[in-house]
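Visitor: Generate coordinates for the sequence data below:
(one chain, ligands or ions: 2)
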Amino acid sequence: MKLCIIGQGYIGLPTAGLFADNGCNVVGVDINEEVVKSLNNNRIHIEEKGLQELISRVISNGKYTASASPQESDVFIITVPTPVNNKNYSCDLSYVESACKSIIQYIKKGNIVIIESTIAPMSTNKYIKPIFEEEGFKIGEDIYLAHCPERVLPGKIIEELVNNDRIIGGITPKCSEKAAKVYETFVKGEIFKTEAKTAEMSKCMENTFRDVNIALANELTKICSTLGVNALDVIKLANKHPRVNIHSPGPGVGGHCLAIDPYFIYAEDPENAKLIKRARDINSSMPQFVVENVKKIIKNDEKIAILGTSYKGNTDDLRESPAIKIINLLEKEGYSLKIHDPHITNPSYVSFEEVIEDVSLCLILADHEEFKELDYELMKVKMKNPIVFDTKNIVKKSDDIKIIDYGNLNKLI
Ligand SMILES: NC(=O)C1=CN([C@@H]2O[C@H](COP(=O)(O)OP(=O)(O)OC[C@H]3O[C@@H](n4cnc5c(N)ncnc54)[C@H](O)[C@@H]3O)[C@@H](O)[C@H]2O)C=CC1
Ligand SMILES: CC(=O)N[C@@H]1[C@@H](OP(=O)(O)OP(=O)(O)OC[C@H]2O[C@@H](n3ccc(=O)[nH]c3=O)[C@H](O)[C@@H]2O)O[C@H](C(=O)O)[C@@H](O)[C@@H]1O
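Guide: Numbering: from 1, shown residues only. Ligands and ions are numbered 1, 2, ... in the order given. Take a look at the predicted model:
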């Protein structure tokens, strides 16, 4: 089987790697020429466990090549971005539409086209199907079209690509059957066939479920900081109940998924999607909440060290990162900042030794592995005031360093 995978990012590249590692011939297509060049030089451009080894293997056995343009194939999989349209919260399908148009001239009878990008409910039928019909293809007879959403967790992408259950949403039952066969190449999880609109809604709802639950934890944190209750203890203890699982509060919800996908549902039915929108608002308010608490800890003539800028721990992904919003807000408040992130290459970021020098506060905004064991001895010597504000509940407790976290915010005046 030959596959063309359009978009070689966090989803497209590992997917391409796994198909190639399981005997398929794969062309990984990306409009970014730098990405194509780097991949063909055997260098991946994103951070993900096990991915460099996988891509090196499939390049050296000749099963994978990257290319700036598509080729004739048996299967086309679209894995391009789907941002939110800032004006009305709808799903911006422009990348998906242009990716579909880019493959039209290579499509032949019998081909399978799969949309993996996360899209709003009804998108496949309303907007994607007509692109192929206008070219004279009868869906379900000439070519087979399905939405097969991706549900892997960054940090565990390769493991979850293989082991997660999958939803296959075909335009017709035959489309679902054909697409399911494609994934049988390497998927060990169960494969469930359904309609495209059900697959679209299920995917958006999975991320909405998590976003709403995180909002609950963030709201609890705000309430506890007013009442003088330790929110982190409450969560630990409440979660001892066999049917309770309060999520972790944090500086906000980032990434290309949870911070976006719930809006796709909201935009389709704003009258009814009230809880979904409220949860988004609560999570989006967290960067301001962090800044309000920083203002209680130190004045704006003091220096702050920012530790971690990616949207979550152990990734180089900055999309929708709450840390970036917090940095902008703190700068507006007049604070002078130094930034350290061992996962991000940025010429203005500094080393850990440099970032702590002469600062009055270390503000932890991402739960990177490196921050679990901070060098408190060095911090005691180098920092002007040894205070850590840990918004991710990740650092170790210490007698020498004052640790402020979401459990003791009420103690700030
Ligand atoms: N990152 C994640 O954890 C997950 C992402 N998704 C969904 O998968 C989709 C892709 O997300 P990521 O892989 O994270 O995005 P990404 O930004 O890492 O990768 C997308 C790639 O597509 C390329 N591209 C854009 N338009 C193109 C075109 N017309 N032709 C060829 N290449 C094109 C870009 O240059 C980029 O390299 C999104 O819809 C996202 O919501 C779903 C589950 C997990
Ligand atoms: C339902 C679900 O678990 N969805 C996953 C999610 O991946 P993502 O990396 O965005 O999820 P995440 O680890 O929950 O992180 C999202 C954001 O939420 C924050 N976060 C997460 C969990 C928590 O208890 N508290 C919290 O504040 C993180 O710090 C981060 O800023 O979204 C992915 C996607 O759809 O792209 C999806 O494939 C993944 O399986």
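Visitor: which SS state does the residue in the stretch 301-413 of the chain positioned nearest to ligand 1 fall under?
Guide: When distances are taken as Cβ to the nearest ligand atom, the stretch 301-413 of the chain reaches nearest to ligand 1 at Asp317, 7.1 Å away. (Glycine included, C-beta is placed from N, CA and C.) Look at Asp317: counting by DSSP: H, G, I helix; E, B strand; the rest coil, its state is coil.
Visitor: And for Cys4?
Guide: In terms of secondary structure, Cys4 is strand; the call rests on three-state DSSP.
Visitor: what about the residue nearest to it when sequence neighbours are not counted, how many neighbours?
Guide: Once flanking residues are discounted, Cys4 sits nearest to Ser73: 4.2 Å by Cβ to Cβ, 6 or more residues apart in numbering. Number of residues near Ser73 (other Cβ atoms under 10 Å) recorded here: 23.
Visitor: what's the answer for Glu133, then?
Guide: The burial count assigned to Glu133 is 14, neighbours taken as other Cβ under 10 Å.
Visitor: Hmm, it is touching Ile139, no?
Guide: Yes: between Glu133 and Ile139 a contact is recorded at 6.7 Å, counting by Cβ atoms under 8 Å.
Visitor: tell me the contacts of the residue of the stretch 301-413 of the chain closest to ligand 1?
Guide: For Asp317, the contacting residues are Tyr10, Ile46, Glu47, Pro154, Gly255, His256, Ser310, Tyr311, by Cβ atoms under 8 Å, 6 or more residues apart in numbering.
Visitor: The longest helix along the chain near ligand 1 anywhere?
Guide: For the chain, the helix with the greatest residue count under DSSP state H is helix 196-227. No: counting by Cβ under 6 Å from any ligand atom, no contacts exist between helix 196-227 and ligand 1, the nearest distance being 7.7 Å.
Visitor: Report the distance from that helix to the chain centre.
Guide: Using Cα atoms, centre = their mean, to the nearest Å, the distance from the centre of helix 196-227 to the centre of the chain it belongs to is 15 Å.
Visitor: What is the subsequent helix or strand relative to it?
Guide: Proceeding N to C from helix 196-227, the next assigned helix or strand is helix 231-238, under DSSP states H and E.
Visitor: Could you list the low-pLDDT ranges of this structure?
Guide: Segments of the chain classed as low confidence (criterion: pLDDT under 70) are 413.
Visitor: just to revisit the earlier point, dump the contacts of Asp317 into TSV; add neighbour count, secondary structure and distance to ligand 2 as well.
Guide: As requested, these are arranged in TSV below (neighbours: other Cβ atoms under 10 Å; DSSP: H, G, I helix; E, B strand; the rest coil; distance: Cβ to the nearest ligand atom, whole Å):
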residue	neighbour count	secondary structure	distance to ligand 2
Tyr10	25	coil	8
Ile46	17	coil	13
Glu47	17	coil	13
Pro154	23	coil	4
Gly255	21	coil	3
His256	20	coil	6
Ser310	26	coil	9
Tyr311	27	coil	5
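Visitor: wait, which of these is closest to ligand 1?
Guide: Out of the contacts of Asp317, the one with the shortest distance to ligand 1 is Tyr10. That distance is 3.6 Å, counting by Cβ to the nearest ligand atom.
Visitor: Can you give me every residue that contacts that closest one?
Guide: With contact set as Cβ under 8 Å, 6+ apart, Tyr10 has these partners: Ile46, Glu48, Pro154, Ile157, His256, Asp317.
Visitor: which non-adjacent residue is nearest the residue nearest the centre of the chain?
Guide: Averaging the C-alpha coordinates of the chain gives a centre point, and the residue nearest to it by Cα atoms, centre = their mean is Gly255 (3.8 Å). On the basis of Cβ to Cβ, 6+ apart, the spatially nearest residue to Gly255 that is not a chain neighbour turns out to be Tyr311, at 4.4 Å.
Visitor: doesn't Ile326 make contact with the one you found?
Guide: No: taking Cβ under 8 Å as the contact criterion, Tyr311 and Ile326 are not neighbours in contact, 12.0 Å apart.
Visitor: Which residues of the stretch 101-250 of the chain lie near ligand 2?
Guide: With Cβ under 6 Å from any ligand atom as the criterion, the stretch 101-250 of the chain comes near ligand 2 at residues 118, 150-154, 206-207, 210, 214, 247-248, 250.
Visitor: Just the buried residues out of these, in ChimeraX syntax.
Guide: The buried residues among these can be selected in ChimeraX (16 or more other Cβ atoms under 10 Å) with this line:
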select :118,150,151,152,154,206,207,210,214,247,248,250
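Visitor: Tell me the one of the residues of the stretch 101-250 of the chain next to ligand 2 nearest Val388?
Guide: Of all these, Val388 sits closest to Gly250, with 15.4 Å by Cβ to Cβ.
Visitor: Quick check, that closest one in contact with Ala215.
Guide: No: under the criterion of Cβ under 8 Å, Gly250 makes no contact with Ala215, lying 11.0 Å away.
Visitor: okay, now the residue in the chain positioned nearest to ligand 1: neighbour count?
Guide: Ligand 1 sits closest to Gly9 of the chain, with a gap of 1.8 Å, by Cβ to the nearest ligand atom. Using other Cβ under 10 Å as the criterion, Gly9 is surrounded by 17 other residues.
Visitor: SS state for it?
Guide: In three-state terms, and counting by three-state DSSP, Gly9 is coil.
Visitor: Make 22 the starting number, not 1.
Guide: In the new numbering, first residue 22, that becomes Gly30.
Visitor: Out of the contacts of Asp338, the closest to Tyr284 would be?
Guide: His277 (12.3 Å).
Visitor: Who are the contact partners of the nearest residue to the closest one once chain neighbours are set aside?
Guide: Using Cβ to Cβ, 6+ apart and skipping residues adjacent in sequence, the residue nearest His277 is Arg340, 4.6 Å away. Shown in contact with Arg340 (Cβ under 8 Å, 6+ apart): Gly275, Gly276, His277, Tyr332.
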